[in-house]
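Q: Sharing a model that was predicted from the sequence below.
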Amino acid sequence: MIAVYRPGSSLLHRMPAGLKVLGFMASALAITFTAGSVWTQPVAAVLVCAGYLVAGLGLREILRQVWAVRWVILIMLVTQFVFLPPVVASANTGRVVTIMVLAALITLTTRIPALLDATESSLAPLRRFGVNPAGVGLVLGMTITTIPVIAGFAATIREAQRARGVPVRITTFAVPLLVMSLKHSDDLADALTARGAG
Amino acid sequence: MNNPLRFDVRDITRIAVFAAIIAVLGLPGAIPVFGGAVPITAQTLGVMLAGVVLGPWRGAAAVVIFEVLVLVGLPLLSGGHGGAGVFVGPTAGYLIGWIFGAFVIGAIVRADRRRPTWWRVALGCFVGGIGVVYAFGVPVQSLVTGLPLGPTALSSAVYLPGDVLKIVVATLIALTLWRAYPRAFGGAQVSTVSSTAGPVSAGSAGAGSSRAASTDAARPDAARQ
């Protein structure tokens, strides 16, 4: 699912991230528990479309999100039609797709930092188990900045091996990647310690 | 220090870096899996390696961090997937299984704090990487899709050969990594600040560690012996 933030100023964009997540969870549960009724599926689909329109995202975005889960649809339909009656199979597939497209609406209308903040504050109850929410926030941010670095290591190794004609094998690729990455991790730790962390 | 979730700075950076490795292994074209001929995802390999290299608690933490980033919408799952949708889709159980799988792998590989043996890595990846992951994945998939448990298990069996292959690859990587850079496995679970002289690398004969120190192990051909 290529669900990147789409800027906007709609009601959904302005709603707090935590509230959106709770609203989504309630809707997903409602769709799941009323799945027996013939009306659930069409009503849910209409409401999800309405949500997209309220967010100013239009039909095109809905189609893009459905296209993004095409493999889920395909695999579900194939296995379900083999084992279940067609009506049940299509209802099940429709339900899963509706909920997944609805979930994408959160990601489309919320900036990632806002979601990270919401994650951090939702961890507060875990404090008594020794989880430090601010620490988790730090690691999340550190990981986001580290991904391009590791991807750079991967590119370097690939190019170096191609230049020397080393046969492309996952073992000869992964070991240098791990060594470079773990050394980078120690450098990061030294840098953090030097700045008074830990 | 009795709380296994209390990590020091070195643990924290390793968790972040490993979460990033798992992400990079899912980027399209980032890693050549068998010359690109087999379209299997290397991401579960990253999950296995997190458990093997970091041990149970830090390994599971790295997977959690990776998955939180997926949850908030970074398209990091292989194939460019991400967002809250995947956690309500048919594969949600497998994602949760990865966390516990990495923990079990780490617990088995690090059951005694000596060097990782091939059979321990293979056994750990089999129990944690296949047993635990499917134990979470199949029932949740059955629940989400409404397909009974039996047929769901049958349809998931398609992925078993690829997963067995990943166990072999993970074992090869772990043993080569041990020879090239024993410090990778350094730092006991509830470690002190210094991971250099941790019990793991101290246990390895001088030959292993001194070679790692003298060779620039980061050279891409280091793995070629």
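A: That came through, no problem.

Q: burial count for residue B:144?
A: A count of neighbours around residue B:144, defined by other C-beta atoms under 10 Å in any protein chain shown, yields 23. All C-beta spots, glycine's among them, are computed from the backbone N, C-alpha and C.

Q: correct me, but it touches residue A:96?
A: Yes - the pair residue B:144 / residue A:96 is scored as a contact, 6.1 Å apart, by C-beta atoms under 8 Å.

Q: for chain A, what are the low-confidence residue spans?
A: A:1-3, A:198 (pLDDT under 70).

Q: go with 80
A: Within chain A, the ranges that satisfy pLDDT under 80 run A:1-4, A:35-38, A:130, A:167-171, A:196-198.

Q: Show me where it has its helices.
A: Here chain A has its helices, by DSSP state H, at A:11-14, A:17-33, A:40-54, A:58-68, A:70-83, A:86-109, A:112-122, A:133-164, A:170-194.

Q: just the angle between the fourth one and helix A:40-54, please?
A: Same thing as helix A:58-68. Going by axes from the mean of the first three to the mean of the last three C-alpha atoms, to 10 degrees, helix A:58-68 is angled at 120 degrees with respect to helix A:40-54.

Q: about what we covered before: now do the shared contacts for residue B:144 and residue A:96.
A: B:88-90 (C-beta atoms under 8 Å, 6 or more residues apart in numbering or on different chains).

Q: and chain A, which of these contact it?
A: Among these, proximity to chain A is found for B:88-90 (C-beta under 8 Å from any C-beta of the partner chain).

Q: Show me how chain A divides into domains.
A: Per automatic domain parsing, the structural domains of chain A span A:11-122, A:128-194.

Q: The longest helix along chain B: which residues count as buried?
A: Using DSSP H to define each element, chain B has its longest helix at helix B:160-180. For helix B:160-180, the neighbour count (16 or more other C-beta atoms under 10 Å in any protein chain shown) marks B:163, B:165-167, B:169-180 as buried.

Q: In a markdown table: the domains of chain A, plus mean neighbour count.
A: Below are the domains of chain A laid out as a markdown table (neighbours: other C-beta atoms under 10 Å in any protein chain shown):
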| stretch | mean neighbour count |
| --- | --- |
| domain A:11-122 | 17 |
| domain A:128-194 | 18 |
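
Q: could these go into CSV alongside distance to residue B:131?
A: Compiled in CSV, the domains of chain A are given as follows (distance: least, C-beta to C-beta, whole Å):
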stretch, distance to residue B:131
domain A:11-122, 22
domain A:128-194, 23
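
Q: Would you convert the helices of chain A into a markdown table that also reports distance to residue B:27?
A: Listed next are those as a markdown table, based on distance: least, C-beta to C-beta, whole Å:
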| stretch | distance to residue B:27 |
| --- | --- |
| helix A:11-14 | 29 |
| helix A:17-33 | 26 |
| helix A:40-54 | 29 |
| helix A:58-68 | 17 |
| helix A:70-83 | 18 |
| helix A:86-109 | 19 |
| helix A:112-122 | 18 |
| helix A:133-164 | 6 |
| helix A:170-194 | 12 |
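
Q: near chain A, which of the buried residues of helix B:160-180 show up?
A: Counting by C-beta under 8 Å from any C-beta, B:169, B:172-173, B:176-177, B:180 from the buried residues of helix B:160-180 sit close to chain A.
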